[in-house]
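Student: structure, please.
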Amino acid sequence: MPDALDPSRLPTDALPEVGQLLARCPEIDFLRYLDGEPLIHEGEEDRCLFLVLSGSLVITRGGEQLATLECTPHAPGIVGEMAYFGARMRTATVTTVGASQALRLQPEHLDLIMADLPDLTRLLCKQFTWRLQESNDALQALQKRFDLSPQRHMANEGEVLFRTGELPSGLIQVLMGSILLEQDGISRIVQPQDLQDGFLEPEAYLRNRPHRFTATVAGSAFLLVVALERKESLIRGFPGMVVKLLEGRV
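Tutor: Numbers count the residues shown, from 1 in each chain. As a prediction, this is how the structure comes out:
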């Protein structure tokens with residue numbers, strides 16, 4: 001467990017806006033993490049994000065290292081920022097290397113930052129830009145490998161993707177975000193890791209059958225939409241999923 005620090009011990013070379021943020025939001029936790037201690041666990045449900053003032057971080061997904069992040073009081077880093085958009089389940093693990101110090105924020109604290117603290121807003125925008133580039137890289141790799149020619153779609157909270165009984169107009173793949181599935185009064189939240197290759201109801205798409213569920217965006221989501229005429233490309237690109245469908249295992 002991280003140790004709570006006295007805000008008066010804030011590094012003297014920290015950005016002035018960090019002190020302003022703590023003065024306006026004294027409920028924010030100022031924490032020290034020890035070597036090997038995780039700030040974020042992949043798969044956990046949490047709405048916190050972290051402004052890391054010092055230390056080194058390693059970001060992993062499924063045990064594979066994705067990136068490292070070096071943070072200083074004058075150039076802090078932000079991790080877990082997708083919580084601001086309503087993402088409920090973490091998609092990666094963030095672990096400290098050596099000791100680190102961080103502010104644990106809630107999504108509403110970002111509203112204050114973007115309204116009144118321009119230096120921290122620029123830092124946040126830099127992180128969002130990295131996220132967008134990561135998504136674009138994933139999209140380009142997907143297009144090159146499978147030639148599905150998917151359309152990108154950033155969906156907002158409450159958007160209905162399809163309803164029970166409707167025939168599919170395309171196949172939706174969830175790259176980031178949460179989707180509410182409802183059937184016969186029963187509902188559940190799913191994220192990409194809960195779905196076969198991130199696809200929503202591939203059987204309805206492949207067999208041209210009505211959807212069994214109503215799918216609604218919960219929070220926000222980054223989606224790819226594969227057109228009906230790309231079925232053969234999907235079968236070539238995802239043979240394992242097709243076999244599981246034929247065997248009734250999806």
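Student: so who does Leu15 touch?
Tutor: Contacts for Leu15 (CB atoms under 8 Å, 6 or more residues apart in numbering) come out as 73-74, 76, 119-120. C-beta coordinates here come from the backbone N, C-alpha and C atoms, glycine included.
Student: type out the ChimeraX command that picks the buried ones from those residues.
Tutor: ChimeraX command restricting those to the buried ones, with burial defined by 16 or more other CB atoms under 10 Å:
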select :73,76,120
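Student: which among the contacts of Leu15 gets closest to Ala155?
Tutor: Leu120 (27.6 Å; CB to CB).
Student: that closest one against Gln20, yeah?
Tutor: No. Under the criterion of CB atoms under 8 Å, Leu120 makes no contact with Gln20, lying 9.1 Å away.
Student: tally up the residues packed near the closest residue to Thr95 other than its chain neighbours, please.
Tutor: The spatial neighbour of Thr95 that comes closest, neighbours along the chain excluded (CB to CB, 6 or more residues apart in numbering), is Pro38 at 4.8 Å. Neighbour count for Pro38, taken as other CB atoms under 10 Å: 17.
Student: can you check the one 5 residues further on too?
Tutor: Each residue near Gly43 was counted by other CB under 10 Å, and the total is 12.
Student: and what of the one 10 residues further on?
Tutor: The criterion is other CB under 10 Å. On that basis, Leu53 has 23 neighbouring residues.
Student: what stretches of this protein score poorly on pLDDT?
Tutor: Low-confidence segments of the chain (pLDDT under 70): 86-88, 131-132, 134-136, 138-147, 248-250.
Student: care to break it down by domain?
Tutor: 3-142, 147-246 (automatic domain parsing).
Student: state the distance from the spatially closest residue to Thr164 that is not a sequence neighbour to Leu200.
Tutor: With CB to CB, 6+ apart as the measure, Thr214 is the residue that lies nearest to Thr164, at 5.0 Å, once sequence neighbours are left out. As judged by CB to CB, to the nearest Å, Thr214 and Leu200 stand 11 Å apart.
Student: more neighbours: which of the two?
Tutor: For Thr214 versus Leu200, neighbours defined as other CB under 10 Å are more numerous around Leu200 (22 against 17).
Student: where exactly do the strands run in the protein?
Tutor: For the chain, the strands defined by DSSP state E cover 3-4, 29-33, 38-40, 49-61, 64-71, 77-79, 93-105, 151-156, 160-162, 170-183, 186-190, 199-200, 214-227.
Student: out of those, nearest to Lys126?
Tutor: Comparing those under CB to CB, the one sitting nearest is strand 77-79, at 8.5 Å.
Student: partners of the closest one in the sheet?
Tutor: The pairing partners recorded for strand 77-79 under DSSP bridges are strand 49-61 (antiparallel).
Student: quick one: the partner strand to chain centroid distance?
Tutor: Relative to its chain's centre, strand 49-61 lies at 15 Å (CA atoms, centre = their mean, to the nearest Å).
Student: neighbours of Gln20, how many?
Tutor: With other CB under 10 Å as criterion, Gln20 counts 16.
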